[in-house]
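In: What shape does this take:
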Amino acid sequence: MIQRIQSLFLFGIVALLTISLFLPVWTNEEPGTAIEVNAFAISKKADQTNKIPDHVAEAISQEESAWYIAFTMLVAASLAGFTILKYNNRTLQILLCNINTLVISALIGTYFIAIPKAKTMMAVSSDGHYGFAYFTPIACLLLVQAAAFYIKKDDKLIKSVDRIR
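Out: Below you'll find the predicted structure:
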């Protein structure tokens with residue numbers, strides 16, 4: 001049923017990944033420029049605190065699409081939402097949780113593609129700052145494994161009740 005604990009875990013995945021779509025994954029600020037990796041783009045912008053001219057700021061600014069991060073976030077979130085709705089088919093729910101584990105792992109992999117690309121754009125040696133969205137896939141992996149555990153527990157309980165009849 002939808003009010004089970006595993007549904008709350010799966011809803012947590014949907015909420016975390018939806019919030020992560022709009023928060024930065026990684027940021028770095030150097031004198032004169034700032035770079036940010038979010039779910040949609042890798043953007044390098046001129047720091048406006050030094051009051052540099054607009055034409056110089058436009059020359060410094062760059063933006064590169066990072067649609068693959070947003071795509072994997074949306075796939076993982078929608079897969080978790082779909083899994084919630086399949087509460088009457090526990091074996092399918094377990095399968096969908098396992099697939100979602102792979103998709104969330106792929107999301108972590110996209111971070112390992114985007115962040116080094118951002119570092120080469122800026123040519124920096126410092127590590128930068130990891131944002132909230134960087135850590136959400138780890139929390140989502142824990143939540144999907146907890147949901148799968150409780151789905152298996154429910155399935156085992158239902159099978160034991162059927163055996164008693």
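
In: Would you mind listing the buried residues in the helix or strand hosting residue 93?
Out: In this structure, residue 93 sits in helix 90-122 according to DSSP states H and E. Neighbour-count burial for helix 90-122 flags 90, 93-94, 96-97, 100-101, 103-104, 107, 110-111, 114-115, 118-119, 121-122 (criterion: 16 or more other C-beta atoms under 10 Å). All C-beta spots, glycine's among them, are computed from the backbone N, C-alpha and C.

In: for stretch 13-29, same thing?
Out: Applying 16+ other C-beta under 10 Å to stretch 13-29 flags 13, 14, 16, 17, 20, 24, 25, 26, 27, 28 as buried.

In: try stretch 152-160
Out: Going by 16+ other C-beta under 10 Å, stretch 152-160 has these buried residues: 152, 154.

In: Doesn't residue 36 belong to a helix?
Out: No: read with DSSP: H, G, I helix; E, B strand; the rest coil, residue 36 is strand and lies in no helix.

In: quick one: contacts for it?
Out: By C-beta atoms under 8 Å, 6 or more residues apart in numbering, the contact set of residue 36 is 24, 26, 27, 42, 43, 45.

In: helices or strands next to the host helix or strand of the last one in the packing?
Out: In this assignment (DSSP H and E), residue 45 forms part of strand 41-46. Helices and strands touching strand 41-46, by 3 or more C-beta pairs under 8 Å, 6 or more residues apart in numbering; DSSP states H and E, are strand 33-37, helix 54-60, strand 62-65, helix 90-122.

In: rerun at 10 Å
Out: Packing partners of strand 41-46 (3 or more C-beta pairs under 10 Å, 6 or more residues apart in numbering; DSSP states H and E): strand 26-30, strand 33-37, helix 54-60, strand 62-65, helix 67-85, helix 90-122.
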